[in-house]
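Asker: pasted the sequence and its predicted model underneath.
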Amino acid sequence: DSETSSHCHFLALVLPQIKDSFREQSVDGDLLVSVDKVGELEELGVTGLTAKTLFRHIDTSKKSTEPVAVIESARIRLQSPQPSAASSSQSSLSSPLPPPPPLPETLRLFVSDFRNHRVQEWDALTNTFVRNIGRGQGNGLGQLNNPCHSVTYSPTDNAADTVLLVADFGNDRVSEFNLSTGEPTRSFGEKGDGEGQFNNPSGLAISKTSNPHLLFVSDHSGNRVQVFNISNFRFVRSFACGEGPQGICLFTNAAGREELFVAEYNSHRVQVYDASTGASLRTIGSSPGSGAGQLNGPYDVAVHRDSS
(Lines give C-alpha, C1' and ligand atoms only; values in the text may rest on other atoms or scores of the structure.)
Protein backbone atom coordinates (compact mmCIF):
# COMPACT_ATOMS: atom_id res chain seq x y z
CA ASP A 1 0.00 0.00 0.00
CA SER A 2 2.87 2.42 0.69
CA GLU A 3 4.15 1.91 -2.86
CA THR A 4 0.71 2.71 -4.26
CA SER A 5 0.43 5.76 -2.04
CA SER A 6 3.68 7.20 -3.42
CA HIS A 7 2.21 7.25 -6.91
CA CYS A 8 -1.09 8.85 -5.93
CA HIS A 9 -1.39 12.48 -6.87
CA PHE A 10 -4.86 13.62 -7.90
CA LEU A 11 -8.05 14.32 -5.88
CA ALA A 12 -11.65 13.71 -6.94
CA LEU A 13 -14.89 13.45 -4.93
CA VAL A 14 -16.88 10.27 -4.34
CA LEU A 15 -20.27 9.69 -2.67
CA PRO A 16 -20.41 9.60 1.10
CA GLN A 17 -22.69 6.57 0.67
CA ILE A 18 -19.79 4.33 -0.40
CA LYS A 19 -18.09 5.00 2.93
CA ASP A 20 -19.31 1.57 4.03
CA SER A 21 -17.20 -0.03 1.30
CA PHE A 22 -13.96 1.15 2.92
CA ARG A 23 -11.80 -0.34 5.62
CA GLU A 24 -10.09 2.35 7.69
CA GLN A 25 -6.42 2.14 8.54
CA SER A 26 -3.73 4.50 9.77
CA VAL A 27 -0.54 4.99 7.72
CA ASP A 28 2.15 7.35 9.04
CA GLY A 29 -0.41 9.10 11.20
CA ASP A 30 -2.76 9.88 8.27
CA LEU A 31 -6.23 8.41 8.08
CA LEU A 32 -6.33 6.28 4.93
CA VAL A 33 -8.86 3.77 3.61
CA SER A 34 -8.55 1.01 1.03
CA VAL A 35 -11.21 -0.32 -1.34
CA ASP A 36 -12.95 -3.62 -0.65
CA LYS A 37 -15.71 -3.32 -3.22
CA VAL A 38 -14.24 -1.91 -6.42
CA GLY A 39 -17.37 -2.78 -8.36
CA GLU A 40 -19.46 -0.21 -6.50
CA LEU A 41 -17.02 2.53 -7.47
CA GLU A 42 -17.01 1.47 -11.12
CA GLU A 43 -20.79 1.70 -11.21
CA LEU A 44 -20.39 5.30 -10.05
CA GLY A 45 -18.04 6.07 -12.95
CA VAL A 46 -14.64 5.63 -11.32
CA THR A 47 -12.47 3.40 -13.52
CA GLY A 48 -9.05 1.84 -13.34
CA LEU A 49 -9.10 1.16 -9.61
CA THR A 50 -7.34 -1.69 -7.86
CA ALA A 51 -7.87 -3.16 -4.41
CA LYS A 52 -4.67 -1.50 -3.19
CA THR A 53 -5.58 2.05 -4.23
CA LEU A 54 -5.58 4.35 -1.21
CA PHE A 55 -8.10 7.03 -0.29
CA ARG A 56 -7.87 10.00 2.05
CA HIS A 57 -10.70 11.77 3.87
CA ILE A 58 -11.09 15.48 3.12
CA ASP A 59 -12.06 16.15 6.75
CA THR A 60 -11.11 13.40 9.14
CA SER A 61 -13.11 15.05 11.95
CA LYS A 62 -16.30 14.57 9.92
CA LYS A 63 -15.49 11.39 8.09
CA SER A 64 -18.95 9.96 8.56
CA THR A 65 -20.69 12.81 6.77
CA GLU A 66 -18.13 14.45 4.50
CA PRO A 67 -17.39 13.15 0.96
CA VAL A 68 -14.35 10.98 0.54
CA ALA A 69 -11.47 12.36 -1.53
CA VAL A 70 -10.06 9.82 -3.97
CA ILE A 71 -6.33 10.14 -4.62
CA GLU A 72 -6.00 8.94 -8.19
CA SER A 73 -3.03 7.14 -9.60
CA ALA A 74 -1.64 8.16 -12.99
CA ARG A 75 -3.93 5.78 -14.86
CA ILE A 76 -7.21 6.44 -13.11
CA ARG A 77 -9.84 8.61 -14.79
CA LEU A 78 -13.00 9.93 -13.17
CA GLN A 79 -15.89 9.77 -15.62
CA SER A 80 -19.42 11.17 -15.45
CA PRO A 81 -21.48 9.32 -12.82
CA GLN A 82 -23.61 6.46 -14.10
CA PRO A 83 -25.30 5.11 -10.95
CA SER A 84 -26.93 1.70 -11.01
CA ALA A 85 -30.64 1.26 -10.43
CA ALA A 86 -29.91 0.38 -6.80
CA SER A 87 -28.00 3.57 -6.20
CA SER A 88 -29.97 5.94 -8.45
CA SER A 89 -32.32 6.80 -5.62
CA GLN A 90 -29.35 8.02 -3.61
CA SER A 91 -27.28 11.15 -4.17
CA SER A 92 -25.11 11.39 -7.28
CA LEU A 93 -21.43 12.24 -7.34
CA SER A 94 -20.55 15.58 -5.78
CA SER A 95 -19.15 17.70 -8.67
CA PRO A 96 -16.02 15.67 -9.49
CA LEU A 97 -12.91 17.67 -10.31
CA PRO A 98 -11.86 17.37 -13.97
CA PRO A 99 -8.60 15.53 -14.65
CA PRO A 100 -5.58 17.77 -15.25
CA PRO A 101 -4.72 18.42 -18.91
CA PRO A 102 -1.90 16.21 -20.16
CA LEU A 103 1.47 17.85 -20.65
CA PRO A 104 2.71 17.99 -24.24
CA GLU A 105 5.27 15.34 -25.08
CA THR A 106 7.77 18.04 -26.02
CA LEU A 107 7.89 21.82 -26.12
CA ARG A 108 10.42 22.85 -28.72
CA LEU A 109 12.31 26.08 -28.14
CA PHE A 110 14.29 27.71 -30.96
CA VAL A 111 16.91 30.31 -30.04
CA SER A 112 18.56 32.56 -32.62
CA ASP A 113 22.22 32.43 -31.58
CA PHE A 114 23.29 35.71 -33.21
CA ARG A 115 27.05 35.67 -32.70
CA ASN A 116 27.42 31.92 -33.14
CA HIS A 117 25.63 32.05 -36.51
CA ARG A 118 23.17 29.28 -35.76
CA VAL A 119 19.76 28.48 -34.30
CA GLN A 120 19.73 26.20 -31.26
CA GLU A 121 16.84 23.85 -30.51
CA TRP A 122 15.99 22.93 -26.90
CA ASP A 123 13.40 20.79 -25.17
CA ALA A 124 11.85 23.55 -23.06
CA LEU A 125 10.23 21.12 -20.61
CA THR A 126 13.45 19.39 -19.63
CA ASN A 127 15.95 22.18 -20.43
CA THR A 128 17.74 19.71 -22.68
CA PHE A 129 19.77 20.80 -25.71
CA VAL A 130 18.57 19.00 -28.85
CA ARG A 131 20.60 20.20 -31.85
CA ASN A 132 22.04 23.10 -33.83
CA ILE A 133 20.33 24.24 -37.02
CA GLY A 134 22.49 25.83 -39.69
CA ARG A 135 25.70 24.88 -41.45
CA GLY A 136 27.98 27.42 -39.83
CA GLN A 137 28.78 30.99 -40.81
CA GLY A 138 28.64 31.84 -44.49
CA ASN A 139 26.28 32.66 -47.34
CA GLY A 140 25.79 29.20 -48.83
CA LEU A 141 22.52 27.28 -48.61
CA GLY A 142 21.87 26.53 -44.95
CA GLN A 143 24.64 28.80 -43.70
CA LEU A 144 23.76 31.75 -41.48
CA ASN A 145 25.33 35.11 -40.71
CA ASN A 146 24.02 36.69 -37.48
CA PRO A 147 20.52 35.16 -37.43
CA CYS A 148 18.27 37.65 -35.71
CA HIS A 149 14.81 36.12 -35.38
CA SER A 150 13.05 32.86 -36.20
CA VAL A 151 9.48 31.57 -36.44
CA THR A 152 7.90 28.19 -37.16
CA TYR A 153 5.20 27.74 -39.78
CA SER A 154 3.10 24.82 -40.97
CA PRO A 155 0.72 25.19 -43.94
CA THR A 156 -1.07 21.97 -42.92
CA ASP A 157 -1.74 19.92 -39.79
CA ASN A 158 1.03 17.55 -40.83
CA ALA A 159 4.07 17.98 -38.59
CA ALA A 160 6.31 16.89 -41.47
CA ASP A 161 5.37 20.08 -43.33
CA THR A 162 6.52 22.43 -40.57
CA VAL A 163 9.41 24.73 -41.40
CA LEU A 164 11.64 27.13 -39.48
CA LEU A 165 12.03 30.58 -41.04
CA VAL A 166 15.09 32.60 -40.00
CA ALA A 167 15.78 36.31 -40.49
CA ASP A 168 19.38 35.99 -41.73
CA PHE A 169 20.45 39.50 -40.72
CA GLY A 170 24.02 39.48 -42.11
CA ASN A 171 23.12 37.69 -45.35
CA ASP A 172 20.20 40.03 -46.19
CA ARG A 173 17.80 37.16 -46.73
CA VAL A 174 15.27 34.84 -45.11
CA SER A 175 16.34 31.20 -44.83
CA GLU A 176 14.03 28.20 -44.47
CA PHE A 177 14.76 24.84 -42.80
CA ASN A 178 12.74 21.63 -42.61
CA LEU A 179 11.89 21.26 -38.94
CA SER A 180 11.88 17.46 -38.97
CA THR A 181 15.35 17.08 -40.46
CA GLY A 182 16.93 20.45 -39.67
CA GLU A 183 18.11 20.62 -43.27
CA PRO A 184 17.84 23.81 -45.38
CA THR A 185 15.15 23.89 -48.04
CA ARG A 186 15.32 27.35 -49.64
CA SER A 187 16.06 31.02 -49.05
CA PHE A 188 15.11 34.29 -50.67
CA GLY A 189 16.39 37.85 -50.73
CA GLU A 190 19.61 39.69 -51.39
CA LYS A 191 21.14 43.02 -50.40
CA GLY A 192 19.40 46.03 -51.89
CA ASP A 193 16.50 48.45 -51.75
CA GLY A 194 14.23 46.83 -54.34
CA GLU A 195 11.23 44.58 -53.87
CA GLY A 196 12.31 41.37 -52.16
CA GLN A 197 15.73 42.80 -51.34
CA PHE A 198 16.87 43.51 -47.78
CA ASN A 199 19.18 45.61 -45.68
CA ASN A 200 19.52 43.53 -42.51
CA PRO A 201 16.17 41.73 -42.08
CA SER A 202 15.54 41.46 -38.37
CA GLY A 203 11.95 40.52 -37.50
CA LEU A 204 9.40 38.01 -38.79
CA ALA A 205 5.65 37.65 -38.28
CA ILE A 206 3.10 35.39 -39.99
CA SER A 207 -0.54 36.20 -40.78
CA LYS A 208 -2.86 33.22 -41.19
CA THR A 209 -6.01 35.33 -41.44
CA SER A 210 -5.40 36.09 -45.10
CA ASN A 211 -5.45 33.78 -48.10
CA PRO A 212 -2.69 33.14 -48.99
CA HIS A 213 -0.89 33.32 -45.66
CA LEU A 214 1.53 36.23 -45.46
CA LEU A 215 5.04 36.69 -44.09
CA PHE A 216 5.96 40.14 -42.70
CA VAL A 217 9.68 40.99 -42.61
CA SER A 218 11.11 44.08 -40.91
CA ASP A 219 14.01 45.53 -42.90
CA HIS A 220 16.18 47.09 -40.21
CA SER A 221 18.47 49.33 -42.27
CA GLY A 222 15.89 49.76 -45.04
CA ASN A 223 13.40 51.40 -42.65
CA ARG A 224 10.46 49.46 -44.00
CA VAL A 225 8.37 46.30 -43.62
CA GLN A 226 7.96 43.99 -46.59
CA VAL A 227 5.12 41.49 -47.03
CA PHE A 228 5.38 38.21 -48.96
CA ASN A 229 3.19 35.28 -49.98
CA ILE A 230 4.60 32.67 -47.62
CA SER A 231 4.02 29.74 -49.98
CA ASN A 232 6.26 31.04 -52.79
CA PHE A 233 7.94 34.10 -51.19
CA ARG A 234 6.55 36.39 -53.87
CA PHE A 235 6.56 40.08 -52.96
CA VAL A 236 3.12 41.47 -52.12
CA ARG A 237 3.67 44.98 -50.77
CA SER A 238 5.82 47.10 -48.47
CA PHE A 239 5.38 50.19 -46.34
CA ALA A 240 7.74 52.68 -44.80
CA CYS A 241 8.21 52.93 -41.05
CA GLY A 242 10.49 54.67 -38.57
CA GLU A 243 14.22 54.18 -38.29
CA GLY A 244 15.64 50.75 -37.49
CA PRO A 245 12.58 48.49 -37.36
CA GLN A 246 13.50 45.44 -35.32
CA GLY A 247 11.06 43.01 -33.67
CA ILE A 248 7.48 42.84 -34.98
CA CYS A 249 4.27 41.06 -34.01
CA LEU A 250 0.69 40.86 -35.31
CA PHE A 251 -2.48 41.36 -33.30
CA THR A 252 -6.15 41.12 -34.31
CA ASN A 253 -8.15 43.97 -32.80
CA ALA A 254 -11.77 43.98 -31.63
CA ALA A 255 -12.93 44.97 -35.12
CA GLY A 256 -11.27 41.88 -36.60
CA ARG A 257 -8.49 43.82 -38.35
CA GLU A 258 -4.84 42.91 -37.95
CA GLU A 259 -2.44 45.44 -36.50
CA LEU A 260 1.33 45.23 -36.84
CA PHE A 261 3.41 46.35 -33.85
CA VAL A 262 6.95 47.40 -34.79
CA ALA A 263 9.81 48.09 -32.36
CA GLU A 264 11.60 50.97 -34.09
CA TYR A 265 15.05 50.74 -32.56
CA ASN A 266 16.55 54.01 -33.78
CA SER A 267 13.31 55.99 -33.44
CA HIS A 268 13.02 54.89 -29.80
CA ARG A 269 9.36 54.00 -30.09
CA VAL A 270 6.85 51.29 -30.94
CA GLN A 271 4.69 52.14 -33.92
CA VAL A 272 1.39 50.42 -34.70
CA TYR A 273 0.34 49.98 -38.33
CA ASP A 274 -2.70 48.65 -40.15
CA ALA A 275 -1.32 45.32 -41.41
CA SER A 276 -3.43 45.48 -44.60
CA THR A 277 -2.66 49.02 -45.70
CA GLY A 278 0.48 50.01 -43.80
CA ALA A 279 -1.27 53.12 -42.46
CA SER A 280 0.14 54.36 -39.16
CA LEU A 281 -2.42 54.00 -36.38
CA ARG A 282 -0.68 55.16 -33.20
CA THR A 283 2.66 55.58 -31.45
CA ILE A 284 3.78 54.05 -28.16
CA GLY A 285 6.67 55.72 -26.39
CA SER A 286 7.96 59.27 -26.42
CA SER A 287 11.36 60.89 -26.81
CA PRO A 288 14.41 58.69 -26.07
CA GLY A 289 15.25 58.41 -22.43
CA SER A 290 14.88 56.35 -19.27
CA GLY A 291 11.82 58.03 -17.79
CA ALA A 292 8.35 56.53 -17.56
CA GLY A 293 7.00 55.99 -21.07
CA GLN A 294 10.36 56.70 -22.70
CA LEU A 295 12.28 54.10 -24.70
CA ASN A 296 15.93 53.77 -25.63
CA GLY A 297 16.51 51.39 -28.51
CA PRO A 298 13.43 49.12 -28.21
CA TYR A 299 14.40 45.75 -29.62
CA ASP A 300 11.33 43.52 -29.64
CA VAL A 301 7.60 43.51 -28.90
CA ALA A 302 4.90 41.10 -27.73
CA VAL A 303 1.16 41.65 -27.35
CA HIS A 304 -1.20 39.88 -24.95
CA ARG A 305 -4.98 40.23 -24.87
CA ASP A 306 -6.10 40.61 -21.25
CA SER A 307 -9.73 39.50 -20.94
CA SER A 308 -9.89 39.82 -17.13
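Answerer: That came in fine, so what should we check first?
Asker: quick one: contacts for the nearest residue to Gln143 once chain neighbours are set aside?
Answerer: Nearest in space to Gln143, with sequence neighbours left out and distances taken as C-beta to C-beta, 6 or more residues apart in numbering, is Arg135 at 4.9 Å. From N, CA and C alone the C-beta is placed, and that goes for glycine too. For Arg135, the contacting residues are Leu141, Gly142, Gln143, Leu144, Pro184, by C-beta atoms under 8 Å, 6 or more residues apart in numbering.
Asker: check the residues you listed for burial and list the buried ones.
Answerer: Among these, those classed as buried by 16 or more other C-beta atoms under 10 Å are Gly142, Gln143, Leu144, Pro184.
Asker: could you work out the most separated pair of the residues you listed?
Answerer: Using C-beta to C-beta, the pair of those lying farthest apart is Leu144 and Pro184, separated by 9.5 Å.
Asker: between the two, which contacts overlap?
Answerer: Arg135, Ser175.
Asker: residues near the residue lying closest to Ser221 once chain neighbours are set aside, how many?
Answerer: The shortest distance from Ser221 to any non-neighbouring residue, by C-beta to C-beta, 6+ apart, is to Asn199 (3.7 Å). Neighbour count for Asn199, taken as other C-beta atoms under 10 Å: 16.
Asker: just put the buried ones among the contacts of Arg135 in JSON lines and tack on distance to Ala160, secondary structure and pLDDT.
Answerer: As requested, those are exported to JSON lines (distance: C-beta to C-beta, whole Å; DSSP: H, G, I helix; E, B strand; the rest coil; pLDDT from 0 to 100):
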{"residue": "Gly142", "distance to Ala160": "19", "secondary structure": "coil", "pLDDT": "97"}
{"residue": "Gln143", "distance to Ala160": "24", "secondary structure": "coil", "pLDDT": "98"}
{"residue": "Leu144", "distance to Ala160": "23", "secondary structure": "strand", "pLDDT": "98"}
{"residue": "Pro184", "distance to Ala160": "16", "secondary structure": "strand", "pLDDT": "97"}
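Asker: and those residues, which is closest to His268?
Answerer: For the buried ones among the contacts of Arg135, the nearest to His268 is Leu144 (28.6 Å; C-beta to C-beta).
Asker: now the closest one: how far from Ser180?
Answerer: Distance, Leu144 to Ser180, using C-beta to C-beta, to the nearest Å: 19 Å.
Asker: one step back: and the residue nearest to Gln143, how far is that from Val151?
Answerer: Distance, Arg135 to Val151, by C-beta to C-beta: 20 Å.
Asker: again, but for Leu260
Answerer: Look at Leu260 and Val151: by C-beta to C-beta, they are 14 Å apart.
Asker: what number of residues lie near Leu215?
Answerer: Leu215, neighbours per other C-beta under 10 Å, totals 22.
Asker: so what's it bridging to?
Answerer: Under the criterion DSSP bridges, Leu215 forms beta bridges with Ile206, Phe228.
Asker: wait, it sits on Pro201?
Answerer: No. Judged on C-beta atoms under 8 Å, Leu215 makes no contact with Pro201 at a distance of 10.6 Å.
Asker: quick check: neighbours shared by those two?
Answerer: In contact with both Leu215 and Pro201: Val174, using C-beta under 8 Å, 6+ apart.
Asker: if we can go back for a sec, contact partners for the residue nearest to Ser221?
Answerer: Asn199 makes contacts with Asp172, Lys191, Gly192, Asp193, Asp219, His220, Ser221, Gly222, as judged by C-beta under 8 Å, 6+ apart.
Asker: need phi/psi at the first one.
Answerer: The one in question is Asp172. Torsion angles at Asp172 (phi, psi; degrees, to the nearest 10) stand at phi 50, psi 50.
Asker: surely it touches Gly194?
Answerer: No. Using C-beta under 8 Å, Asp172 makes no contact with Gly194, being 11.6 Å away.
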